[in-house]
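Participant: The following block contains a protein sequence and its predicted model.
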Amino acid sequence: MVISIVKGSMESGLECYLIDKFLAVDSLVFMVSALLSFSSIRTVRMEANLERWAEILFLLGLVSMTLITLVFAFEIV
C-alpha cells in the first residue's frame, strides 16, 4: 500500500525509486522475521536462537520502516 502511495504522490525520480526499493526490502525483513518466529514455534531444537533472530529482524524492520516513513513524510531526500 505504501509503495503505491509513493508512486502516486511523487514524481518519478531517484527519491521515489529509492523509497520504493527500501520499502520492498523492508517487507522482506518482516517476512523473514515472521518465518523465523513461526519456525521457532514449530521446532523444539534451536527455539531460542530462532526467536532471538526473529526479534532482531522485527525491530530492524520497524526502525527502517519508521525512518523511510519520516523521509517520505518530510521530504528529507
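Facilitator: Good, I have the coordinates.

Participant: Asp20 versus the residue nearest the centre of the chain, what's the distance?
Facilitator: Nearest to the geometric centre of the chain sits Asp26, at 2.2 Å (CA atoms, centre = their mean). Counting by CB to CB, to the nearest Å, the gap between Asp26 and Asp20 amounts to 11 Å. For glycine as for every other residue, the C-beta is placed from the backbone atoms N, C-alpha and C.

Participant: follow-up on the earlier one: contacting residues for the residue nearest to the centre of the chain?
Facilitator: 61, 64-65, 68 (CB atoms under 8 Å, 6 or more residues apart in numbering).

Participant: And the strands in the chain, which stretches?
Facilitator: Assigned by DSSP state E, the strands in the chain number zero.

Participant: in it, which helix has the most residues?
Facilitator: helix 14-42 (DSSP state H).

Participant: Tell me the buried residues in that one?
Facilitator: 15-16, 19-20, 22-23, 26, 29-30, 32-33, 36-37, 40 (16 or more other CB atoms under 10 Å).

Participant: Same check on stretch 46-53?
Facilitator: So stretch 46-53, judged by 16+ other CB under 10 Å, has buried residues 50, 53.

Participant: if we can go back for a sec, could the contacts of Asp26 go into a markdown table alongside distance to Trp53?
Facilitator: Shown next, in a markdown table, are those (distance: CB to CB, whole Å):
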| residue | distance to Trp53 |
| --- | --- |
| Gly61 | 12 |
| Ser64 | 16 |
| Met65 | 18 |
| Ile68 | 22 |
